[in-house]
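**Student:** give the three-dimensional model of this entry:
(chains A and B)
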Amino acid sequence: MHGEPFGYEKPASLREFESLFAERGEDAKILAGGTDLFVLIKERLLAPRLLIDISDLPELRGISYDPGEGLTIMAGTKVAEIERSALVREHAPALAFAAANLGSNQVRWMATMAGNVCHASPAAETPPVLLAHGCELVIGTPGGERTLPISEFFLAYRKTALQAGEYLKAFRLPPLPARSAVAYQLRGLRRAMEIDMLNMGIYLELAADGVTVSDIRLAMGSVGPVTYRARGTEQRLKGMRLGEEFMAAAGAGVAEEATPIDDMRASAAYRNRVIGVLARRGLEQCLEQIGKGRGEA
Amino acid sequence: MKKLLTLEINGERFDVAVSPATFLVDVIRETVGLTGTKKGCGIGDCGACTVLIDGRPTLSCLTLAVACTGKSITTIEGLSRGTELHPVQQAFIDKGAIQCGYCTPGMILSSTALLAENPSPSEEEIKHGLAGNLCRCTGYVKIIEAVKHAAETMAKEAK
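**Tutor:** Predicted coordinates for the structure are as follows:
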């Protein structure tokens, strides 16, 4: 038997969960899929006194789309459900792709995207895409809820903006404007169960002329203690016209803003070289998608 | 303190008394005595402990037994009908996809789940579906052949 024994509660409703979490939140952990949580417990990095199992709470499951609000993914939704969802594939295909690249099939049927995000690993698969989408997080607070842009969620290595008694309730991905697309790029050693040596979420939006960059978001993973956006580069790229100069500026910009370290998965020098390549590939992928959308219209 | 719970494994109900911190793999192997499910890495990397819960491939080393009440668990022992092997089991034998055998139960359950969702997977789809199951004998080529063969057999049987 690894780790310290802990208690287990499985509330039958969201209301029951909220009151239990308010009362015991201090020494409790939320059990959604357990694929990260139990590894931490077994490796004695965490020793919660109580696990609160939310995995079957119907109020926290499901994916919906509203033309005004965009895509809403409830926190308890399994990664495998996100990967297979027709709504996600239509409105956030890069997220479906990132979900399909998380862990293994078993892990995807167990784990939730909320767990992936709250674990706050700088190498996590879904945060770069969510940052690229400009995702808003719905956070359950004692007696209510608040929203927070995901760009303000990751404070430090494995540290999030969740306060005591708060939990992640849902993800909102605003509808994509015309002439925009999101892409996801990653580098890992194998196709499953690896921790990415680099990953990136890319958002590109073109002006009505079809050649001027009106908005861009470049979210990088595994190049710092948190997943973060290359904001300086984004500012410089806005207003530029598409072309080789733009691509080169994007690649050079992200490499400059990346702060990678050497670790067992890759050297800092390698990461610095390749992050610019991922930016270029991601932008090309966005352009291809924008082109396709125009062809259909 | 131990909790008394009922687990449904391979269509049979088992009453077990377990600590809330006990993982499903240990209850299946030690308490219920079904040792077909293997315990490998214990942290979800190898897939040897894969079982199906409500038809979904699940790592029993990262699943609490207490969280499985009201769910239907299938282990490798639950696939055959009497002495007649499941087509995936038969295909693994026919194609020589078994070497030391330690990964086999997990491989077969992952394959079964894959074929239930996608009855004629491409080689890429098989690799993607089985990527969470490691074979330390490295017998992947024959395992992939076996899954293709099982898909063909099951398609014929369905006709």
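
**Student:** now the residue of chain B found nearest chain A, what's its secondary structure?
**Tutor:** Nearest to chain A in chain B, going by C-beta to the nearest C-beta, is B:Gly132, at a distance of 2.3 Å. In this view, the C-beta of every residue, glycine as well, is placed from N, C-alpha and C. Here B:Gly132 is recorded as coil under DSSP: H, G, I helix; E, B strand; the rest coil.

**Student:** tell me the contacts of it?
**Tutor:** For B:Gly132, the contacting residues are A:103-107, A:192-193, B:47, B:50, B:57, B:59, B:110, by C-beta atoms under 8 Å, 6 or more residues apart in numbering or on different chains.

**Student:** then B:Glu157?
**Tutor:** Contacts of B:Glu157 by C-beta under 8 Å, 6+ apart are B:Pro87.

**Student:** buried set for the helix or strand where A:Arg280 lies?
**Tutor:** A:Arg280 belongs to helix A:268-296 when assigned by DSSP states H and E. For helix A:268-296, the buried set under the neighbour-count rule, 16 or more other C-beta atoms under 10 Å in any protein chain shown, comprises A:271-272, A:274-280, A:282-283, A:285-287, A:289-290.

**Student:** can you map out the strands along chain B?
**Tutor:** B:3-9, B:12-18, B:50-53, B:56-59, B:72-74 (DSSP state E).

**Student:** which of those strands is buried the deepest?
**Tutor:** Comparing the strands of chain B by mean neighbour count (mean count of other C-beta atoms under 10 Å in any protein chain shown), strand B:56-59 comes out on top with a mean of 27.

**Student:** does it reach chain A?
**Tutor:** Yes: under the criterion of C-beta under 8 Å from any C-beta of the partner chain, chain A is reached by strand B:56-59 at B:56-59.

**Student:** for that strand, which strands pair with it and how are they oriented?
**Tutor:** Sheet partners assigned to strand B:56-59 using DSSP bridges are listed as strand B:50-53 (antiparallel).

**Student:** from the chain's centroid, how far away is the strand it pairs with?
**Tutor:** How far strand B:50-53 lies from its chain's middle: 5 Å, per C-alpha atoms, centre = their mean, to the nearest Å.

**Student:** right, and the strands of chain B - which one's nearest A:Ser222?
**Tutor:** When the strands of chain B are compared by C-beta to C-beta, strand B:56-59 sits nearest A:Ser222, at 24.4 Å.

**Student:** residues from chain A in reach of chain B?
**Tutor:** A:1-8, A:10, A:31, A:34-35, A:38-39, A:42-43, A:51, A:53, A:55, A:80, A:100, A:103-107, A:109-110, A:190-193.

**Student:** out of those, which end up buried?
**Tutor:** A:3, A:6-8, A:10, A:31, A:34-35, A:38-39, A:42, A:51, A:53, A:55, A:80, A:100, A:103-107, A:109-110, A:192-193.

**Student:** residue contacts, the residue of chain A found nearest chain B?
**Tutor:** Proximity of chain A to chain B (C-beta to the nearest C-beta) peaks at A:Ser104, 2.3 Å away. By C-beta under 8 Å, 6+ apart, the contact list for A:Ser104 reads A:192-193, B:47, B:131-133.

**Student:** show me where pLDDT drops low in chain A?
**Tutor:** A:1-4, A:191, A:294-297 (pLDDT under 70).

**Student:** make it 50
**Tutor:** By pLDDT under 50, the low-scoring segments of chain A are A:1-4, A:296-297.

**Student:** residues contacting the residue nearest to the spatial centre of it?
**Tutor:** Centroid-nearest residue in chain A, with C-alpha atoms, centre = their mean: A:Pro127, separated by 1.9 Å. Shown here is A:Pro127, whose contacts under the criterion C-beta under 8 Å, 6+ apart are A:116-117, A:150, A:154, A:201, A:219, A:221, A:227.

**Student:** which ones among those residues map onto strands?
**Tutor:** A:154, A:201, A:219, A:221.

**Student:** put the buried members of the residues you listed into a ChimeraX selection.
**Tutor:** The ChimeraX command for the buried members of these (criterion: 16+ other C-beta under 10 Å) is given here:
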select /A:154,201,219,221
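
**Student:** tell me the one of the ones in strands among the contacts of A:Pro127 nearest B:Thr74?
**Tutor:** Looking across those and measuring by C-beta to C-beta, the closest to B:Thr74 is A:Gly221, at 36.0 Å.

**Student:** beta partners for that closest one?
**Tutor:** Beta-bridge pairing for A:Gly221 (DSSP bridges): A:Asn199.

**Student:** how about it, what does it touch?
**Tutor:** A:122-125, A:127-128, A:196, A:198-201, A:227.

**Student:** any chance of those residues in a markdown table, with distance to A:Val213 too?
**Tutor:** Formatted as a markdown table, those follow (distance: C-beta to C-beta, whole Å):
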| residue | distance to A:Val213 |
| --- | --- |
| A:Pro122 | 27 |
| A:Ala123 | 28 |
| A:Ala124 | 27 |
| A:Glu125 | 26 |
| A:Pro127 | 23 |
| A:Pro128 | 19 |
| A:Asp196 | 26 |
| A:Leu198 | 23 |
| A:Asn199 | 22 |
| A:Met200 | 17 |
| A:Gly201 | 16 |
| A:Thr227 | 22 |
